[in-house]
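What would the 3D arrangement of this be:
(one chain, ligands or ions: 1)
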Amino acid sequence: MKKELNLLVEKIRGANSIVIVGHKNPDGDCVCATLALARLIELNFGKVPVCMYDGNFPNILDNVPNRPNMRYYGHVDVTRPFDLAFILDYGTEVNIGGLKNIVDNAGYRIEIDHHKNDNPVANLCLNDDAAAATGEIVFKIANELGWTRDDTINDLIALSLLTDTGFFKFARRGTVLRMMADLVDAGVNIEQLSNLLNNKPRKAVLTEAAVASRAEFFYRGRVALATVMRDDYKKLDGRSDTILNLLGHIRGVEYIVMLKQQKDTQTSVSLRSRAKPVNTVAEALGGGGHAFAAGAVVHDTLENVRARVLDLIGGELK
Ligand SMILES: [Mn+2]
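Model prediction:
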């Protein structure tokens, strides 16, 4: 690690232009790790990296520190290649989306990621698939190199840890909790950070509530199924975890399914399970994911996909 970190410092020192990107449709970890790294470089090297994203920027992140520094790539002049590109939290190459050219054209590439990935795109990889968030790796790098941090950086790192672990529900190691303890001692206020994420448009939340209230139940209440029709899908801006969470509160529910009608013949399936792993069901539909949270996008009508999902889950319940 020492050798890699020295190389990282050398590359930052030698670069006149630096870009930091993440995955398409960025989430809390992606956005906050990106902004934290940018601020760390600014504070410790006096250089201001350009932060860019592709896809939709989630409303819940509109109040995170330094949010205005994160720009949609289509609005940035990128005719001149960057000396150095950081690629954060991206998982696999396809997730880089429209930022791919910017990454490819950069003089040198460094990636920092906590996803399993057999085909990294960078020259230097600072990856750790045991880390709970990309922000965890950024924090570790900053500490090992003795970089100065400020309140903005601490808040951003804390936000990346909080969002990617579901406020520590999915924390598998003590490391991430010890980091959070350090951040709280340094002045981070978890309640404040939690509140600043409450920033969804009214129509999105009301639509989520309406969809949840129309849920159907199968197999004696062991399966809850919510359906997002096309008109509602637009109001949700593609994100609707609240629906899954709400249905997960119901006693006796083991599987939660959310179907979204994206187009007439394109239906997205989100699956959550409290019992057996559900990624096998997602894989049978051509998707994948984690053991208890998985999904797929199926090129078929809502009705057909609904029948297939219920059939597959019925098989799991036997
Ligand atoms: Mn992440």
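
tell me the mean pLDDT over the strand or helix carrying Leu193?
When secondary structure is defined by DSSP states H and E, Leu193 falls within helix 190-196. For helix 190-196, the mean per-residue pLDDT is 97.

For the next helix or strand after that helix, enumerate the helices and strands it packs against.
Using DSSP H and E, the helix or strand that follows helix 190-196 in sequence is helix 202-213. Applying 3 or more Cβ pairs under 8 Å, 6 or more residues apart in numbering; DSSP states H and E, one finds that helix 202-213 makes contact with strand 223-228, helix 230-236, helix 241-248. From N, CA and C alone the C-beta is placed, and that goes for glycine too.

Could you check the longest helix that the chain contains and say which residues are buried?
Assignment by DSSP state H gives helix 28-45 as the longest helix of the chain. Neighbour counts over helix 28-45 (16 or more other Cβ atoms under 10 Å) mark 28-44 as buried.

restrict those to those near the ion?
Asp29 (Cβ under 5 Å from the ion).

re earlier: looking at the helices and strands packed on helix 202-213, which is buried most?
strand 223-228 (a mean of 22; mean count of other Cβ atoms under 10 Å).

That one versus helix 202-213: what angle between them?
Angle of strand 223-228 versus helix 202-213, following axes from the mean of the first three to the mean of the last three Cα atoms, to 10 degrees, is 140 degrees.

ok, back up a step: helices and strands around the longest helix of the chain, which ones?
For helix 28-45, the elements it packs on are helix 2-14, strand 18-21, strand 50-53, strand 70-72, strand 84-88, helix 134-144, helix 151-164, judged by 3+ Cβ pairs under 8 Å, 6+ apart.

Provide the contact partners of the fifth one at residue level.
Okay, so that is strand 84-88. Contact with strand 84-88 is made by 11-12, 14-15, 17-22, 30, 33-34, 37, 49, 96, 102-103, 106-113, 121-122, 134, 138, as judged by Cβ atoms under 8 Å, 6 or more residues apart in numbering.

go again using 6 Å as the cut-off
Contact with strand 84-88 is made by 11, 15, 18-22, 33-34, 103, 106, 108-112, 134, as judged by Cβ atoms under 6 Å, 6 or more residues apart in numbering.

what do you get for stretch 6-26?
Outside of stretch 6-26, the residues that reach it under the criterion Cβ under 6 Å, 6+ apart are 30, 34, 37-38, 45, 49-56, 82-90, 95, 97, 99, 108, 124.

what about that stretch, start to end distance?
29 Å (Cα to Cα, to the nearest Å).

hang on, the earlier thing: nearest to Val188 among the helices and strands packed on helix 202-213 would be which one?
helix 241-248 (23.4 Å; Cβ to Cβ).

Next, the angle helix 202-213 makes with that closest one.
Between helix 241-248 and helix 202-213, the angle formed by their directions is 30 degrees, by the same axes, to 10 degrees.

what's the helix or strand that helix 241-248 is followed by in contact with?
Heading C-terminal from helix 241-248, the first helix or strand you meet, by DSSP H and E, is strand 255-263. Applying Cβ under 6 Å, 6+ apart, the contact partners of strand 255-263 are 223-230, 233, 243-244, 247-248, 267-273, 302, 306, 309, 313.
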